[in-house]
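Student: Test case, fold it:
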Amino acid sequence: AFFLSSFQPIQVLKGRQGTGFKKSSLRSALVVFQFATSIVLLIATVVVYRQLNYIQTTGVGFNKEQLLIVENTGVMGDRIQAFKNEVLSQPGVKGATISGFLPVQPSSRSDNSFSKEAVMDMKNGFNQQIWRVDEDYIPVMGMEILKGRNFSREFGTDSFALVINETTEKLLGYPDPIGKKLYTSDGPDPSKFTAFTIIGVVKNFHFESLRQEVAPLAMRLSANPYTVVFKVQPGNLQQLVRRIEGTYKKMAPSMPFSYRFMDETFQKMYQAEQRVGNVGLSFALLAILIACLGLFGLVTYMAEQRTKEIGVRKVLGASVNNIVGLMSRDFLKLVLFSAVIAFPLAYLLMHRWLQDYAYRVDIGWWVFAAAGVATLCIALLTVSFQAIRAALQNPVKSLRTE
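Tutor: From the prediction side, this is the model:
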């Protein structure tokens, strides 16, 4: 509006207004800004989706597929084992474990202080997660025992045994931790310590978001009846859930039946990232559309301003390709300049965003190349469409303009 209001009416009526706009620095700055923004958003969208795909496909150390979580089972009391066994007898159920400590949110968490010696001090004490599980927990979750063994009903001493993860093993510093003892308070009196024997080392698994390193963790054989997890076979899941609900209602008729699947719960942990990806993609497409609309308008304007020039060039033997190249060259230079500005800015922004993740993808050079080439092709198509129209006009009509 400011630009249009500056026009002199006499000059406009003579058809002389706007000729100086051909080399306008404002025009160039706007084109560079629009396409730099588009390239940054494109790169950001690709990086976010690559990180989401990495989260969903990378090995998390446990099998999150086909695991049905039945909640509110603590109300069954002593009948929870009967509930587990009855559901296990149904077709389509391959395993079950009773524990509220799960490698997805929301679930139980318990942090406790441990010591390598019977007397805890600043040198030998450390904090770690302590999860209460049963004998079936590790096989049902698909976790891998690297050293030692899993809990077993055949060993009565396993109630004072621990299976630790690799992070705890590294923290302890033992060449072989099997048989070593850890001490922690295990009762109402925090000053009294109980000795637990390490019987196994489980491969590290991600029990928090991939934003965090895998923390020290130990599992002990103990009751935690608030959740039962069933490993189920694919196919007819709705029918199987109805059968499990019927069994649940017999054991806890006053409680509503509530369940979820492990993989769906895992995906919900990263809803914020999914929203960022969707919003980024929407804004990237919108920015490209706006930039192309502006570019299309500028090319149309330039073609109108240079109508007679194009006619003269064609009379003197210039081909359509020559005319298109003449009109496209300046704009494509601006798009390339936009990429030069956008690349380092996009790298800094996405490098900073990825720092929130302990486990993350690399920002490969191909991401920048793909975004730059895609933007350049879109701009070229936009410019070429109008440039070809101008180049194909009859030079006789072009020379009669004004």
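Student: What score does the nearest residue to G294 once chain neighbours are set aside have for pLDDT?
Tutor: Of all residues not flanking G294 in the chain, Q34 sits nearest, at 6.0 Å (Cβ to Cβ, 6 or more residues apart in numbering). Backbone N, C-alpha and C define where each C-beta goes, glycine included. On the pLDDT scale, Q34 is placed at 83.
Student: Which neighbouring elements make contact with whichever helix or strand Q34 is part of?
Tutor: If you go by DSSP states H and E, Q34 is part of helix 25-57. Judged by 3 or more Cβ pairs under 8 Å, 6 or more residues apart in numbering; DSSP states H and E, helix 25-57 is in contact with helix 271-305, helix 320-354, helix 365-391.
Student: which one of the ones you listed lies closest to L68?
Tutor: Closest approach to L68 among these is made by helix 271-305 (21.1 Å; Cβ to Cβ).
Student: which residues touch the residue sitting nearest the centre point of the chain?
Tutor: Most central residue of the chain, judged by C-alpha distance to the mean C-alpha position with Cα atoms, centre = their mean, is L52 at 2.4 Å. Shown in contact with L52 (Cβ atoms under 8 Å, 6 or more residues apart in numbering): 270, 273-274, 277.
Student: need the helices for the stretch 101-250 of the chain, in chain order.
Tutor: 137-141, 166-172, 237-251 (DSSP state H, counting those that start in this stretch).
Student: deepest of those, which one?
Tutor: Comparing those by mean neighbour count (mean count of other Cβ atoms under 10 Å), helix 137-141 ranks first with a mean of 21.
Student: contacts for it?
Tutor: Contacts for helix 137-141 (Cβ under 8 Å, 6+ apart): 62-63, 67, 95-97, 99, 103, 145, 150-151, 163, 202, 205, 219, 229, 231.
Student: Any idea how many residues pack against the closest residue to E135 other than its chain neighbours?
Tutor: Closest residue to E135 apart from its sequence neighbours, by Cβ to Cβ, 6+ apart: F151 at 4.6 Å. For F151, the neighbour count with other Cβ atoms under 10 Å is 23.
Student: Got phi/psi on F151?
Tutor: When read as degrees, to the nearest 10, the backbone of F151 gives phi -60, psi 150.
Student: Pretty sure it sits against S159.
Tutor: No: contact between F151 and S159 fails when scored by Cβ atoms under 8 Å: they sit 9.1 Å apart.
Student: shared neighbours of these two, anything?
Tutor: Contacts common to F151 and S159, judged by Cβ under 8 Å, 6+ apart, are L221.
Student: how close does Q355 get to F261?
Tutor: According to Cβ to Cβ, to the nearest Å, Q355 stands 31 Å off from F261.
Student: Looking at these two, which one has more neighbours?
Tutor: A count of neighbours by other Cβ under 10 Å puts F261 above the other of Q355 and F261, at 17 against 10.
Student: which non-adjacent residue is nearest the more buried one?
Tutor: Closest residue to F261 apart from its sequence neighbours, by Cβ to Cβ, 6+ apart: L68 at 6.1 Å.
Student: Which SSE is immediately downstream of whichever strand or helix holds the one you found?
Tutor: Secondary structure assignment for L68, by DSSP H and E: strand 67-71. Next along the chain after strand 67-71, taking DSSP H and E as the criterion, comes helix 80-88.
Student: Out of the contacts of L52, the closest to L332 would be?
Tutor: Nearest member of those to L332, counting by Cβ to Cβ, is G277, at 29.6 Å.
Student: for the residue nearest to E135, what are its contacts?
Tutor: F151 is in contact with 133-135, 137-138, 158, 161, 163, 199, 219, 221, counting by Cβ under 8 Å, 6+ apart.
Student: List the buried residues of stretch 272-291.
Tutor: 273, 276-277, 280-281, 283-284, 287-288, 291 (16 or more other Cβ atoms under 10 Å).
Student: Would you format those residues as JSON lines with distance to V241 and pLDDT included?
Tutor: Putting those into JSON lines (distance: Cβ to Cβ, whole Å; pLDDT from 0 to 100) gives the following:
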{"residue": "E273", "distance to V241": "29", "pLDDT": "76"}
{"residue": "V276", "distance to V241": "33", "pLDDT": "79"}
{"residue": "G277", "distance to V241": "31", "pLDDT": "77"}
{"residue": "G280", "distance to V241": "36", "pLDDT": "78"}
{"residue": "L281", "distance to V241": "34", "pLDDT": "80"}
{"residue": "F283", "distance to V241": "39", "pLDDT": "82"}
{"residue": "A284", "distance to V241": "40", "pLDDT": "79"}
{"residue": "A287", "distance to V241": "45", "pLDDT": "81"}
{"residue": "I288", "distance to V241": "45", "pLDDT": "80"}
{"residue": "A291", "distance to V241": "50", "pLDDT": "78"}
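Student: Phi, psi for the residue lying closest to F207 once chain neighbours are set aside please.
Tutor: Leaving out its chain neighbours, the residue that sits closest to F207 by Cβ to Cβ, 6+ apart is P103, at 3.9 Å. The phi/psi pair for P103 (degrees, to the nearest 10) reads phi -80, psi 30.
Student: What's the separation between P103 and E208?
Tutor: Here the criterion is Cβ to Cβ. By it, P103 lies 8 Å from E208.
Student: ok, the two, which is more surrounded?
Tutor: Shown here are P103 and E208; by other Cβ under 10 Å, P103 has more neighbours (20 against 16).
Student: looking at the helices and strands packed on helix 25-57, which is closest to G173?
Tutor: Proximity to G173 (Cβ to Cβ) singles out helix 320-354 among these, at 31.2 Å.
Student: Buried ones in the closest one, by neighbour count?
Tutor: 323-324, 326-328, 330-331, 334-335, 338-339, 341-343, 346-347, 350, 353-354.
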